[in-house]
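Enquirer: My questions are about this predicted structure, shown below with the sequence.
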Amino acid sequence: MVTVTIPKKEYKELVEKKMRYEQLRQIIEGDLFASPSTHSTKEVLTGFRATKKYSVKFLKSLEKGLKRSSYFKA
């Protein structure tokens, strides 16, 4: 077995990159293009509003986009 010595800072960077890669890989392996679980525009908007992370402008834009969507017109 060969031993390789690297600085602690570099080691931490490599570990962090590996963790990010693993997280991204798990997301991609999931069903990334699955349809939303609901056809209700109201339900989707309520969920987004409940997080209190999105601006009013974004929520209005989202609502406009959902109304245009053929999925939510079904």
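Expert: Perfect, I can see it now.

Enquirer: Find the helix or strand that the residue nearest the centre of the chain is a member of.
Expert: Within the chain, one residue has its C-alpha closest to the average C-alpha position: by Cα atoms, centre = their mean, that is I27, at 8.2 Å. I27 is located in helix 8-29, with elements delineated by DSSP states H and E.

Enquirer: what mean pLDDT does that helix have?
Expert: Helix 8-29 shows a mean pLDDT of 92.

Enquirer: who touches that helix?
Expert: Surrounding helix 8-29, the residues in contact under the criterion Cβ atoms under 8 Å, 6 or more residues apart in numbering are I6. Backbone N, C-alpha and C define where each C-beta goes, glycine included.

Enquirer: quick check, distance from that helix to the centre of its chain.
Expert: Taking the mean of its C-alpha atoms, helix 8-29 sits 17 Å from the chain's own mean (Cα atoms, centre = their mean, to the nearest Å).

Enquirer: start at 10 instead
Expert: With the count now opening at 10, the last piece we talked about shows up as helix 17-38.

Enquirer: what comes up buried for the following helix or strand past that helix?
Expert: Read in the C-terminal direction, the helix or strand following helix 17-38 is helix 50-60, with elements assigned using DSSP H and E. Across helix 50-60, burial judged by 16 or more other Cβ atoms under 10 Å covers 50, 53-54.

Enquirer: For the residues you listed, please prepare JSON lines with the additional fields pLDDT.
Expert: Written out in JSON lines, the entries for these read as follows (pLDDT from 0 to 100):
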{"residue": "T50", "pLDDT": "90"}
{"residue": "V53", "pLDDT": "91"}
{"residue": "L54", "pLDDT": "93"}
